[in-house]
Each structure stands twice: as C-alpha cells, then as structure tokens.
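Colleague: fold the following.
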Amino acid sequence: MRSIPIVRGALVATLGAVACRSVSTVPTPAHHGQRDDVSRGEILTVLGRSSTAYDLVKVLRPTMLLRRTVIGVEPTATLMPKELPGVHIHIDDVRVGDINVLFTIPAQTVASIQWLSATEASTRYGNGHTAGVISVTTLTGRY
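Modeller: Residues are numbered from 1 along each chain as shown. Below you'll find the predicted structure:
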C-alpha cells in the first residue's frame, strides 16, 4: 500500500520535469533582445548583406525608421517618405546629425544600435529630441 503514493509522487515529479523541459525548448524569436536594441551578435548575423549602419537598421529593426505617434491609447506607426524626419543620430553619445549620417557609418564598426523615444532621449541628452534618437555605439567607442 505504501508503494502507490511513492509511484504517484514519482509520476508527478516526472511530469513536472517534462513540462519544464518542453518550456525551455520553445524557440526564441530572431531578435530576442529588446525591440529597440540591436546587439553585436545580431549585427554579425547580417554583416554579409549590410554595408552601413542604415542597412543594419533597415534589416534588423525597420520599426526604428517609423514615425511613432499616439492617438488616444492606440499607438500607430506609419512609414514616412524620408523615414523619421527630425530624428537625431548620436554616435558614441555625441550628436552628429540626421538620419543620413547612418549611411556614412560602416556596418563592421557598429557594436550596437538603440532607438530612444523623445522622453528617453531628453532624459539622456537634454531637450530638443522630439522625434527621438537613434544611438549608435561603435567598437572603438570614438567614431
């Protein structure tokens, strides 16, 4: 009679282990980091087909190039003709220009890319970033 609770306990433990195992094998999305961050690991996966930082953004996080507005409580994003007008580009925490600067940065020199909302950019860099910031960090730390 004592063997039934032991068998039942072993069965529960086995089922628990199987359940945990199946959860850990769920595939992760291609960009398993933050949706507005591009890591060096992701950059290395597309380096063969990207020659500039703009190419990296366009391939890995095209949403960085979308205008973000909020109407009521529903966020909407629409592609702008020249992509996000008014966005500032910072390289290694130095403001260097507009979206066209991304065409001048070689992809192999990029360590990471991060999009900052207007609020985040103002907190980090001060006022005047109403369209947000695309912050590029280079491998050398001084572009």
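Colleague: what's the neighbour count on the nearest residue to residue 40 once chain neighbours are set aside?
Modeller: Nearest residue to residue 40, sequence neighbours excluded (C-beta to C-beta, 6 or more residues apart in numbering): residue 111, at 5.3 Å. In short, each C-beta sits where N, CA and C put it, glycine included. Here the count is done by other C-beta atoms under 10 Å, and residue 111 has 15 residues near it.
Colleague: over to residue 119?
Modeller: Close neighbours of residue 119, defined as other C-beta under 10 Å, add up to 10.
Colleague: could you tell me which residues within the host helix or strand of it count as buried?
Modeller: Applying DSSP states H and E as the criterion places residue 119 in helix 118-125. Within helix 118-125, the residues scored as buried using 16 or more other C-beta atoms under 10 Å are 118, 120-122, 125.
Colleague: and it, what does it pack onto?
Modeller: strand 88-91, strand 133-138 (3 or more C-beta pairs under 8 Å, 6 or more residues apart in numbering; DSSP states H and E).
Colleague: return the helix or strand in the chain with minimum mean pLDDT.
Modeller: strand 74-79 (a mean of 44; mean pLDDT, DSSP states H and E).
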